[in-house]
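Trainee: Pasting a predicted model and its sequence here:
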Amino acid sequence: MPIVPDTKNWTWVIEQPCLDCGFDGRTTEITAIADLVRANAAAWPELLARPDAALRPTDDQWSALEYGCHVRDVFRLYALRLGRMLTEDTPRFDNWDQDVTAVEQRYDLQDPIVVAGELVEAAEHNARLWETVTPEHYARRGVRSDGAEFTVVTFATYFIHDPIHHLDDVARGNRILADSRLD
């Protein structure tokens with residue numbers, strides 16, 4: 001079975017906990033985002049160095065490699081979007097279809113070690129940008145292509161959930177892979 005495109009509107013993570021990964025955006029401080037980005041990025045090189053990094057745990061779940069590519073691209077894209085929110089008045093963001101990107105960029109065939117380096121680099125750039133955010137920026141706005149509107153504060157919460165959630169996805173996938181080796 002192929003990957004089913006993710007069409008959920010994940011903006012709810014701003015106001016309520018994610019029951020899958022345990023993330024609670026209501027308790028996430030904007031001043032912690034840079035540290036959370038760096039901590040998240042630090043976990044990926046080990047995951048991507050595993051010999052099974054390119055294996056999908058199930059036909060309908062991305063491999064650690066595919067999630068790593070996605071998180072790398074999330075760090076890049078959200079740095080661009082945050083930069084626009086800090087410098088433009090209410091920028092409107094083009095739609096980004098993560099599933100199309102995964103296919104077009106051949107996430108499944110990328111080199112995991114290269115991806116790990118790119119992810120860490122993208123995370124550091126992203127974290128440094130979050131470190132420039134001051135309380136004067138908090139109310140600045142940006143609008144997603146579907147009309148969802150964010151302030152810098154809600155954008156921070158929405159953004160950081162994604163890489164945190166995907167570490168949990170990979171952990172669950174690695175448990176499935178380990179269990180399948182025991183069978």
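Mentor: Arrived safely. Numbers count the residues shown, from 1 in each chain.
Trainee: Could you tell me which ranges of the protein sit under the pLDDT cut-off?
Mentor: Residue ranges of the chain with pLDDT under 70: 1-3, 5, 7, 183.
Trainee: quick one: the strands in it?
Mentor: Applying DSSP state E to the chain gives strands spanning 141-143, 149-151.
Trainee: any chance of these in a markdown table, with mean neighbour count and distance to residue 127 too?
Mentor: For glycine as for every other residue, the C-beta is placed from the backbone atoms N, C-alpha and C. Formatted as a markdown table, those follow (neighbours: other CB atoms under 10 Å; distance: least, CB to CB, whole Å):
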| stretch | mean neighbour count | distance to residue 127 |
| --- | --- | --- |
| strand 141-143 | 17 | 19 |
| strand 149-151 | 17 | 19 |
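Trainee: could I get those strands as CSV with distance to residue 169?
Mentor: Listed next are those as CSV, based on distance: least, CB to CB, whole Å:
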stretch, distance to residue 169
strand 141-143, 26
strand 149-151, 23
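Trainee: Just give me the neighbour total for residue 105.
Mentor: 14 (other CB atoms under 10 Å).
Trainee: oh sorry, the question was meant for residue 161
Mentor: Residues lying near residue 161 (other CB under 10 Å) number 23.
Trainee: Wait, it touches residue 8, no?
Mentor: No: using CB atoms under 8 Å, residue 161 makes no contact with residue 8, being 11.9 Å away.
Trainee: and the gap between residue 27 and residue 16?
Mentor: For residue 27, the distance to residue 16 equals 11 Å [CB to CB, to the nearest Å].
Trainee: residues in contact with residue 34?
Mentor: 127, 128, 130, 131 (CB atoms under 8 Å, 6 or more residues apart in numbering).
Trainee: same thing but at 10 Å, please
Mentor: 123, 124, 126, 127, 128, 129, 130, 131, 132, 133, 156, 160 (CB atoms under 10 Å, 6 or more residues apart in numbering).
Trainee: Check residue 74 too.
Mentor: 96, 98, 119, 122, 123, 126, 159, 160, 162, 163, 166.
Trainee: quick check: longest helix of the protein.
Mentor: When the chain is parsed with DSSP state H, its longest helix is helix 152-182.
Trainee: isn't residue 119 right next to residue 45, touching?
Mentor: Yes: between residue 119 and residue 45 there is a contact at 8.0 Å, judged by CB atoms under 10 Å.
Trainee: more crowded one of these two?
Mentor: Taking neighbours as other CB under 10 Å, residue 119 and residue 45 compare with residue 119 leading, 27 against 16.
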